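**Q** below is the sequence, then the predicted model.
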Number of protein chains: 2
Amino acid sequence: MGNLRRAPTGDKPAPKAVVGRVSLYLRQLETFRRQGLATVSSHQLGTALAIHDAQVRKDLAFFGQFGHPGVGYRIADLADALRRILGIDHDWPLALVGLGNLGRALLKYQGFRDRGFQIIALFDNDPQKVGQTLEGMTVRPVDALADLVREQRLNLAVLSVPADFAQQVADQLVASGIVGIFNFAPIPLIVPNHVRVVAVDLSIQLEHLAYQIQLGGGGISCAS
Amino acid sequence: MGNLRRAPTGDKPAPKAVVGRVSLYLRQLETFRRQGLATVSSHQLGTALAIHDAQVRKDLAFFGQFGHPGVGYRIADLADALRRILGIDHDWPLALVGLGNLGRALLKYQGFRDRGFQIIALFDNDPQKVGQTLEGMTVRPVDALADLVREQRLNLAVLSVPADFAQQVADQLVASGIVGIFNFAPIPLIVPNHVRVVAVDLSIQLEHLAYQIQLGGGGISCAS
DNA sequence: TAGATTGTTAATCGATTAACAATC
DNA sequence: TAGATTGTTAATCGATTAACAATC
């Protein structure tokens, strides 16, 4: 039993699903804390998110021992630990690449900043866009990204260029030293092994919604 | 073997993962068709999307028999069938609710229209926003939605209001007769059983990317 | 102490992959 | 016919849920 394995920052890549839920736990913990609570049980935390209590305990146990039998989890401590695990105990600078409609929206979107992600530079290969100033930043050609990666500790790029250019621009990002791409283009990017891609495909998700509606009535609601 | 079960439009709710892949298959089929191909094998289709051929066949078999042993799948026929299955053999009108930065971006986003989803009306509860004209449409209070649902055959709403208002506005949508909500607010919505929600949580996905990077080097790339 | 709640092992469930007879 | 490829059944793998001894 109590062999205290595993450092705060985990050893093995946690399953995708686990990491997603950990982000949810963290948010819920922050909410509970704002409400003045000091501890929660796996049951309380799970109930708030429609997740089974055993699942909550198992997910957390993946990263270490945070709970106190008979008591639950101390909210402040657990939230700190989860922030460290997720790597968001500090801010992350972002490069935004592609300033079409979606890109300009993401630029103004408050949700990223709220969670510690800050867009610090803008890039576009369209000569019409280069030189424009948006939110106090000047749009530069994607060529200029490599310098910035070197100077600042910049790892992540948001990619919101049209599908036809996405692979080619992704190649430029990788060549510049970017190791994480948040991809909004509706194509699967091919990247080297050391580069991580998380893809958001809005159309596919909307199609999923259409499928469920068109299927007609019944079934179980899927809110996550 | 050849007992031809199951009508084109499936009986049971296909697993979420299956539906997502079917959307990908459809896109890839459209690409192949543009390239002038007439048939594909499950192997070819899978390779293009980094999906195993057995998986492709199993996913498709879920909805019926579309293939021809020794030949493969006829692209045009399969694409038509998949469009019918997904319910996108016709356009879907959308109501856009919440016209902050993200909402205004989604309004201009071409990706939805390209896949047959068209925003036909705008709503916001903020008196400052009501009455504004955007892309030729006038912003109305959410109250006014019910009329529209009744007049047009409108089922789906895109919800891009701040987290604090999301549940309350979702309740309004449901009361208006909306049965599908594409939720951008970072909270889990509580809705009646007959209402479907698909949630896009950009911050959580960005946190997942940060986690992977911060974890350091190795591992397997995750492009979908 | 009695009641609550953890971390973990075992049981269940579902999804992916392998294998192959049937078919063109 | 021989080669290719399907649909489907069986085998594997992973993720979720149940159960419970250990602990406060």
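**A** Right, received. Where do you want to start? Remember, predicted model here, so these are calculated numbers, not experimental data.
**Q** phi first, then psi, for A:G136.
**A** Torsion angles at A:G136 (phi, psi; degrees, to the nearest 10) stand at phi 80, psi 10.
**Q** what sits against it?
**A** Contact criterion Cβ atoms under 8 Å, 6 or more residues apart in numbering or on different chains gives no residues in contact with A:G136. Backbone N, C-alpha and C define where each C-beta goes, glycine included.
**Q** so, low pLDDT: which residues of chain A?
**A** Per-residue confidence for chain A (pLDDT under 70) gives these ranges: A:1-11, A:216-224.
**Q** that one: helices as residue ranges?
**A** A:16-34, A:42-49, A:53-61, A:75-86, A:101-108, A:110-114, A:145-151, A:163-176, A:202-214 (DSSP state H).
**Q** okay, those helices in a markdown table with distance to DNA strand D next?
**A** Listed next are those as a markdown table, based on distance: least, Cβ to the nearest atom of the strand, whole Å:
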| stretch | distance to DNA strand D |
| --- | --- |
| helix A:16-34 | 4 |
| helix A:42-49 | 9 |
| helix A:53-61 | 4 |
| helix A:75-86 | 14 |
| helix A:101-108 | 28 |
| helix A:110-114 | 24 |
| helix A:145-151 | 32 |
| helix A:163-176 | 26 |
| helix A:202-214 | 18 |
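**Q** okay, these, which one's buried deepest?
**A** Comparing those by mean neighbour count (mean count of other Cβ atoms under 10 Å in any protein chain shown), helix A:202-214 comes out on top with a mean of 22.
**Q** contacts for it, please.
**A** A:184, A:186, A:219, A:222, B:13-14, B:16, B:19-20, B:23-24, B:85-88, B:92, B:109, B:111-112, B:114-115, B:117, B:155-156, B:179-182, B:196, B:198, B:200.
**Q** equivalent analysis for stretch A:113-127, please.
**A** The set of residues external to stretch A:113-127 that reach it, using Cβ under 8 Å, 6+ apart, is A:88, A:90-99, A:103, A:106-107, A:112, A:130, A:134-135, A:137-142, A:144-145, A:148, A:152, A:154, A:156, A:158, A:161, A:165, A:169, B:203, B:206-207, B:210.
**Q** now for the one residue in chain A that gets nearest to DNA strand C: which residues touch it?
**A** Taking Cβ to the nearest atom of the strand as the measure, chain A has A:G67 as its residue closest to DNA strand C, at 2.4 Å. For A:G67, the contacting residues are A:42, A:57, A:60, A:73, by Cβ under 8 Å, 6+ apart.
**Q** beta-bridge partners for it, please?
**A** Beta-bridge partners recorded for A:G67 (DSSP bridges): A:Y73.
**Q** how much space separates it from DNA strand D?
**A** Distance, A:G67 to DNA strand D, using Cβ to the nearest atom of the strand, to the nearest Å: 10 Å.
**Q** returning to that earlier point: what would the helices of chain A look like in CSV with distance to B:R34?
**A** Converted to CSV, those look like this (distance: least, Cβ to Cβ, whole Å):
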stretch, distance to B:R34
helix A:16-34, 32
helix A:42-49, 43
helix A:53-61, 43
helix A:75-86, 41
helix A:101-108, 23
helix A:110-114, 35
helix A:145-151, 31
helix A:163-176, 12
helix A:202-214, 17
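**Q** figure out which of these is closest to A:V191.
**A** Between A:V191 and the helices of chain A, the tightest spacing by Cβ to Cβ is seen for helix A:163-176, at 5.8 Å.
**Q** does anything pack onto the closest one? Which helices or strands?
**A** Judged by 3 or more Cβ pairs under 8 Å, 6 or more residues apart in numbering or on different chains; DSSP states H and E, the packing partners of helix A:163-176 are helix A:145-151, strand A:156-159, strand A:180-183.
**Q** of the helices of chain A, which is nearest B:I190?
**A** helix A:42-49 (11.0 Å).
**Q** what helices or strands is the closest one leaning on?
**A** Looks like helix A:42-49 contacts helix A:16-34, helix A:53-61, strand A:72-74 (3+ Cβ pairs under 8 Å, 6+ apart).
**Q** ok, now how distant is A:P186 from DNA strand D?
**A** Applying Cβ to the nearest atom of the strand to A:P186 and DNA strand D gives a distance of 24 Å.
**Q** same question, A:R153
**A** 31 Å.
**Q** contact partners for that residue?
**A** By Cβ under 8 Å, 6+ apart, A:R153 lies in contact with A:P93.
**Q** next, it: phi, psi?
**A** Main-chain dihedrals, A:R153, degrees, to the nearest 10: phi -90, psi 90.
**Q** circling back to that earlier point, reformat the helices and strands packed on helix A:163-176 as TSV; add distance to B:G46.
**A** Shown next, in TSV, are the helices and strands packed on helix A:163-176 (distance: least, Cβ to Cβ, whole Å):
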stretch	distance to B:G46
helix A:145-151	34
strand A:156-159	25
strand A:180-183	21
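**Q** what sits against the residue in chain A positioned nearest to DNA strand D?
**A** Closest residue of chain A to DNA strand D, Cβ to the nearest atom of the strand: A:G70 (2.4 Å). By Cβ under 8 Å, 6+ apart, A:G70 lies in contact with nothing.
**Q** isn't A:S160 up against A:L107?
**A** No. Counting by Cβ atoms under 8 Å, A:S160 stays clear of A:L107, with 9.3 Å between them.
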